[in-house]
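In: Need coordinates for the below:
(one chain, ligands or ions: 1)
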Amino acid sequence: MEQIENIVLSKCPWCDSPDIRQGSKIHDYFLTREEFSLFSCNSCGLVFTNPRPKLENLGLYYQSDKYYSHTSSQVGIIPFIYRKVKEINLKTKFKQVTTGSVINKVLDIGCGTGDFLNVCKKSGKEIHGIEPDSKARNLAKEILKVEILHPDQSEKIPDESFDLITMWHVLEHVPDLKKQISELSRIIKKGGKVVIALPVYESYDAEVYKEKWAAWDVPRHLYHFNKAVINKMMLANDFKPGNVYPMKWDSFYVSMLSEQYLKSAFGIVKAFFVGFLSNIKARNSGNYSSLVYTFIKM
Ligand SMILES: [Zn+2]
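Out: I've put the predicted structure just below:
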């Protein structure tokens with residue numbers, strides 16, 4: 001891949017403060033090997049990738065069969081485990097986020113090929129999806145037999161449309177964070193639930209793998225959240241924090257990818273132990289490798 005021109009941010013993409021400081025340098029181990037830095041905002045605490053790809057170039061960082069093979073066709077032990085785990089995971093996710101709420105209309109933002117929406121559909125929910133990638137969007141349309149919108153079409157969604165909006169490892173990829181969160185606030189019903197799954201850089205697996213922690217995933221991940229920061233952002237948009245659920249399989253998956261980046265011998269065995277320990281330690285700290293945050297619209 002030829003050198004791609006990036007944008008250097010001189011202020012925080014959330015609060016616009018120029019008081020930002022440079023932290024660790026992280027490489028794009030997944031695709032380009034380019035180097036990016038983690039910056040943190042001294043004012044609001046957000047950690048963000050800097051520089052970041054230009055909007056028109058973002059797609060280039062996803063142009064890898066590898067990115068889709070996470071979900072479908074790749075052979076080998078890791079993709080196999082991933083697919084099996086995903087099946088179980090989807091059902092668990094659905095149960096967690098729907099239990100105790102009356103939910104009819106569901107929107108999945110960044111729905112990919114529609115796996116989560118498919119589970120919702122089978123349970124009789126009215127489903128809607130948004131997906132930027134045209135390949136994934138068309139596939140989702142075909143499978144689900146519903147219209148899937150491009151993110152640019154979000155504005156045509158009427159106010160207070162949904163009982164449940166989900167973003168499964170999506171918010172960290174969204175170019176305009178402020179706009180996305182205010183859109184969530186606009187299109188969710190009062191009392192409705194927004195579900196945001198995010199990697200946790202304060203987890204034990206992040207501590208072990210440091211710069212090679214696969215869930216940094218720069219520059220695809222433009223932001224790196226912790227609980228305090230995401231809560232503050234959502235509160236500023238009229239959401240109150242609800243339940244938080246662990247994603248216990250993510251510690252294993254992220255550790256396996258990280259071991260691949262390290263090219264270590266017996267990587268799978270090491271990854272298993274790190275993943276296992278990460279979940280044990282998180283019982284006290286709450287910092288699982290990934291967390292599912294839920295928010296209720298006030
Ligand atoms: Zn800030």
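In: For this structure, what lies in contact range of the ion?
Out: Residues of the chain lying close to the ion (CB under 5 Å from the ion) are 12, 14-15, 17, 41, 43-44, 46. All C-beta atoms are positioned from the backbone trio N, CA, C, and that covers glycine.
In: contacting residues for Ser182?
Out: Residues counted as contacts of Ser182 (CB atoms under 8 Å, 6 or more residues apart in numbering) are Asn237.
In: coming back round to it: got the residues of the chain next to the ion as JSON lines, with pLDDT and neighbour count columns?
Out: What follows is the residues of the chain next to the ion, written out as JSON lines (pLDDT from 0 to 100; neighbours: other CB atoms under 10 Å):
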{"residue": "Cys12", "pLDDT": "98", "neighbour count": "21"}
{"residue": "Trp14", "pLDDT": "97", "neighbour count": "20"}
{"residue": "Cys15", "pLDDT": "97", "neighbour count": "17"}
{"residue": "Ser17", "pLDDT": "98", "neighbour count": "13"}
{"residue": "Cys41", "pLDDT": "98", "neighbour count": "21"}
{"residue": "Ser43", "pLDDT": "98", "neighbour count": "15"}
{"residue": "Cys44", "pLDDT": "97", "neighbour count": "17"}
{"residue": "Leu46", "pLDDT": "98", "neighbour count": "23"}
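In: out of those residues, which one sits closest to Gly191?
Out: Comparing the residues of the chain next to the ion against Gly191 with CB to CB places Trp14 closest, at 25.9 Å.
In: Which of the helices or strands spans the closest one?
Out: Applying DSSP states H and E as the criterion places Trp14 outside every helix and strand.
In: Provide the backbone phi and psi angles at it.
Out: Here is the backbone geometry of Trp14 (degrees, to the nearest 10): phi -100, psi -60.
In: contacting residues for it?
Out: Counting by CB under 8 Å, 6+ apart, Trp14 makes contact with 41, 44, 46, 48, 177-178, 223, 233.
In: ok, 6 Å please
Out: By CB atoms under 6 Å, 6 or more residues apart in numbering, the contact list for Trp14 reads 44, 46.
In: cool, Val119 as well?
Out: By CB under 6 Å, 6+ apart, the neighbours of Val119 are 90, 94.
In: Can you give me the distance of it to Glu87?
Out: Val119 sits 10 Å away from Glu87, going by CB to CB, to the nearest Å.
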